[in-house]
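Visitor: sequence and computational prediction follow.
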Amino acid sequence: MASYTLSQMGKTKLCFEGFQYVKNKVRGDKTYWRCSKRICGGRAITEDNAGELFDIKTTKEHCHLPEGEEDEDDMDDYESDDDFEMDVSFHSDVHQDTPFRDKNLKDNPLMANSLKEAPSLAVDAVHVKSNPILDGVTVKGYDFNKGVDYEALLKTYYRCGFQATNFGKAVEEINRMITKKHEEIPADKQDKLNLNPCGREKTNCTIFLGYTSNLISSGVREVIRYLAEHNMVDCIVTTAGGIEEDFIKCLAHTYLGDFSLKGAELREKGLNRIGNLLVPNDNYCKFEDWIMPILDQLLKEQNDEGIVWTPSKLIHRLGKEIDHPESVYYWAYKNNIPVFCPAITDGSLGDMLYFHSYKNPGLVLDIIEDIRRINSQAVLAINTGMIILGGGLVKHHTCNANLMRNGADYSVYINTASEFDGSDSGASPDEAVSWGKIKKTATPVKLCSEATLVFPLIVAETFAKREMEFK
C-alpha cells in the first residue's frame, strides 16, 4: 500500500512497502523518488492522475530492511527536515504588540509561516531596539513645488545630508566669524590696537583667507577680488601662481579649454593648460614686459634708500603698480590687506626674479621679516578665523601662523584631499587641533568639494549678504 505524507516542514514524502522516499524530480506526470535513508540507493517512480496515485514501481533495490524490521540505531540514518533544532522563540521585547507573542512559534501558525525558519541569532541581529534620538535634526531636501528660490534652496542644504550638510555648517561657521568681527573690542584688549605690524586696523576677529593658485586662474578670482575690494578679510595667503595670474589677467585673457586636450599639441601651439583652462604663452611675455621695469625700480630703492623688501611688500607694491580695479591685489593694496606668499619663487614670478638676477642682479627679498609679520597677525589678534581653499602650502602656512596663538577660533576647509596618505592637504581639522592650530573649543568644518563649485555660493550666503556691515 502506497501513501503520501507531509513532513513537519511541509515537504511531501512517499511511503511504500515499509520504505520512505523523498521527491527527487518531476517530469511530466512522472515523479522520481529516492530513499530517504542517506546511504541507500533505493529509487521509485510514480504516475499521478489528477492528484491521485495511479501507478508505482521501484527501479532500484534498497540496501536496508523496511521500517519496523530495522534496529533502532539504523533509524538515525534517515534524512530529516529537523536534523538541527533551531531556536525560533519569538522576541517579545521587540514586538510588544504581536498576537501570541508569549507562545512558542510552533504553536503560532500565523507567525510560523514567516519566522520559524530564521535562526534566533539572525532575528536578534535585525531586531535591535533603537534608542530615541532626542532633539535630532530630520533629513529633508528642497521642495521644487514651491518654485525656484535659490536662497531657500541653499538654506535646505544643512538638512540634506552628506557634503550639503557640511556646506550648511561652513556657512554657519563663516557667519560666526563675521559676527565676532563686528562685535565691539573688549576693554581689556584695547591696548593691542596699535601693535599690528602691517598697520591694519584691528577688529574683534582677524580673518585669514588662504587659496591655491588655480582659483585665481579660475573665475573664483572675481569672488576673492570682491572680498578684498570690500575689506572683508584681514590677511591673505597664496602661492606664486595666485599672485602672477591675477596680474596677468589684467594684461591678457585666460580661456576655457578642455581637460582632455593633448599636451604635445598644445605645446606646439604655445598654449598652457590649467585643468580645462588655457593660458596663451604670450600672456607671460606681457607679464615679463610689465614687471621687469618695476623690479628695476625696487632694486634702485633698495640700494638708494635702504628699503628691505619682503614678498608681502613686493606684492603690495605690485598691487599699487597694476592700478586695475579687476585685480585682487590692487584692492589688497588699497585696503592695506597684507598678502603673504612664502613660495614666491615657485612660478612665473620666480622666473621673472630669476631672469632679473642676470639682467640687473642684487634684488633681495627677506622672508624672515614676512614670517614675523604673518605670525604677528595671529599672535596680536583678539580672535581669528581661517577660510582655506585647497591644500598644500597655503593651508599649512595659514594654520601654522595660528599655532602661535594656540589655535584659530573659527575654521573652514574646502578641499578634495583625503587624509589616508598623511598629507597636510588632506589633514582634517581635528588633526590641526592636535597641533594647536585650531582651538580645542572650536567647531571647525571641512567641506569636501572642489572650491569653484561651492565657494561663490558660500560667499553669497555670508559676506555678500552682510555687505552693509562692512561699510
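Guide: Nice, I can see it.
Visitor: so, low pLDDT: which residues of the stretch 101-250 of the chain?
Guide: 101-117, 192-196 (pLDDT under 70).
Visitor: can you give me the strands for it?
Guide: 206-211, 235-237 (DSSP state E, counting those that start in this stretch).
Visitor: which among those strands is found nearest to P429?
Guide: For P429, the closest of the strands of the stretch 101-250 of the chain is strand 206-211, at 13.9 Å, according to CB to CB. C-beta here means a position set from N, CA and C on the backbone, and glycine is covered the same way.
Visitor: okay if I get the strands of the stretch 101-250 of the chain as TSV plus mean neighbour count and distance to C198?
Guide: Shown next, in TSV, are the strands of the stretch 101-250 of the chain (neighbours: other CB atoms under 10 Å; distance: least, CB to CB, whole Å):
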stretch	mean neighbour count	distance to C198
strand 206-211	26	11
strand 235-237	27	8
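Visitor: who wins for proximity to I56 among these?
Guide: strand 206-211 (86.8 Å).
Visitor: give me the sheet partners of the closest one and which way each runs.
Guide: strand 235-237 (parallel), strand 384-389 (parallel) (DSSP bridges).
Visitor: show residues contacting that strand.
Guide: Strand 206-211 has contacts (CB atoms under 8 Å, 6 or more residues apart in numbering) with 177, 181, 220, 224, 227, 232-238, 242, 377-378, 381-390, 394-395, 397-398, 401-402, 408, 451.
Visitor: please report how far the closest residue in space to K359 that isn't next to it in sequence lies from I243.
Guide: Closest residue to K359 apart from its sequence neighbours, by CB to CB, 6 or more residues apart in numbering: M292 at 7.3 Å. Per CB to CB, to the nearest Å, M292 is found 16 Å from I243.
Visitor: now swap in E305 and tell me
Guide: 24 Å.
Visitor: between the two, which has more neighbouring residues?
Guide: In terms of neighbours (other CB atoms under 10 Å), I243 is the more surrounded of E305 and I243; the figures are 26 against 7.
Visitor: ok so, going back, tell me which residues touch the residue nearest to K359, please.
Guide: So M292 contacts M352, F355, H356, K359 (CB under 8 Å, 6+ apart).
Visitor: for the helix or strand it falls within, buried residues please.
Guide: Following DSSP states H and E, one finds M292 within helix 281-305. Using 16 or more other CB atoms under 10 Å as the test for burial, helix 281-305 gives N283, Y284, F287, W290, I291, I294, L295, L298, L299, Q302.
Visitor: follow-up on the earlier one: now the strands of the stretch 101-250 of the chain as CSV including distance to L261?
Guide: As requested, the strands of the stretch 101-250 of the chain are exported to CSV (distance: least, CB to CB, whole Å):
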stretch, distance to L261
strand 206-211, 25
strand 235-237, 31
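Visitor: strands of the stretch 301-450 of the chain, start to end?
Guide: Counting by DSSP E, counting those that start in this stretch, the strands of the stretch 301-450 of the chain are 339-340, 384-389, 410-415, 445-448.
Visitor: partner strands of the last one, parallel or antiparallel?
Guide: Just to be clear, that refers to strand 445-448. Partners of strand 445-448, by DSSP bridges, with direction: strand 410-415 (parallel).
Visitor: for the shortest one, same thing?
Guide: Partners of strand 339-340 in the sheet, by DSSP bridges, are strand 235-237 (parallel).
Visitor: distance between the partner strand and the chain's centre?
Guide: Averaged C-alpha coordinates place strand 235-237 at 25 Å from its chain's average position (CA atoms, centre = their mean, to the nearest Å).
Visitor: repeat that for stretch 136-156.
Guide: 21 Å.
Visitor: same deal with stretch 134-149?
Guide: Worked out by CA atoms, centre = their mean, stretch 134-149 lies 21 Å from the chain centre.
Visitor: swap in stretch 322-329?
Guide: Using CA atoms, centre = their mean, the offset of stretch 322-329 from its chain centre is 34 Å.
Visitor: that stretch: which residues count as buried?
Guide: So for stretch 322-329, counting by 16+ other CB under 10 Å, buried means I322, S327, V328, Y329.
Visitor: just the ones of these in helices?
Guide: I322, V328, Y329 (DSSP state H).
Visitor: what separation is there between the last one and I291?
Guide: When distance is defined by CB to CB, Y329 is 13 Å away from I291.
Visitor: for the first one, same thing?
Guide: Distance, I322 to I291, using CB to CB: 10 Å.
Visitor: what touches both of the two?
Guide: Residues touching both I322 and I291 (CB under 8 Å, 6+ apart): F247.
Visitor: quick check, Y329 in contact with E245.
Guide: No - in this structure, Y329 is not within contact of E245 by CB atoms under 8 Å, at 10.8 Å.
Visitor: and the buried residues of stretch 322-329, which two are the farthest apart?
Guide: I322 and V328 (9.9 Å).
Visitor: quick one on the thing from earlier: what do Y329 and I291 both touch?
Guide: F247, L318.
Visitor: show me the shaky parts of the stretch 251-400 of the chain.
Guide: Where the stretch 251-400 of the chain is concerned, nothing drops into low confidence, which here means pLDDT under 70.
Visitor: which parts of it are helices?
Guide: 263-269, 281-305, 311-322, 328-334, 348-359, 367-379, 393-403 (DSSP state H, counting those that start in this stretch).
Visitor: just send these back as CSV, with distance to L209 too.
Guide: Formatted as CSV, the helices of the stretch 251-400 of the chain follow (distance: least, CB to CB, whole Å):
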stretch, distance to L209
helix 263-269, 32
helix 281-305, 24
helix 311-322, 14
helix 328-334, 10
helix 348-359, 19
helix 367-379, 12
helix 393-403, 8
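Visitor: closest to I414 out of these?
Guide: The nearest among the helices of the stretch 251-400 of the chain, by CB to CB, is helix 393-403 at 10.3 Å.
Visitor: what is the neighbour count of T203?
Guide: 18.
Visitor: try S449
Guide: So S449, with other CB under 10 Å, has 18 neighbours.
Visitor: distance check, it against Y157.
Guide: As for S449, its distance to Y157 is 11 Å (criterion: CB to CB).
Visitor: so what sits against both of these two?
Guide: Shared contacts of S449 and Y157, defined by CB under 8 Å, 6+ apart, comprise F167.
Visitor: doesn't Y21 make contact with Y32?
Guide: No - if you go by CB under 8 Å, Y32 and Y21 don't touch, sitting 9.4 Å apart.
Visitor: more crowded one of these two?
Guide: More crowded of Y32 and Y21, by other CB under 10 Å: Y21, with 25 against 15.
Visitor: tell me which element that one falls in.
Guide: Here Y21 is assigned to strand 19-27, by DSSP H and E.
Visitor: in its sheet, what does that strand sit against?
Guide: Here strand 19-27 has these sheet partners by DSSP bridges: strand 12-16 (antiparallel), strand 30-35 (antiparallel).
Visitor: out of the ones you listed, which one sits most buried?
Guide: Stretch with highest mean neighbour count among those: strand 30-35 (a mean of 19; mean count of other CB atoms under 10 Å).
Visitor: ok, now how distant is R373 from R200?
Guide: Counting by CB to CB, the gap from R373 to R200 is 11 Å.
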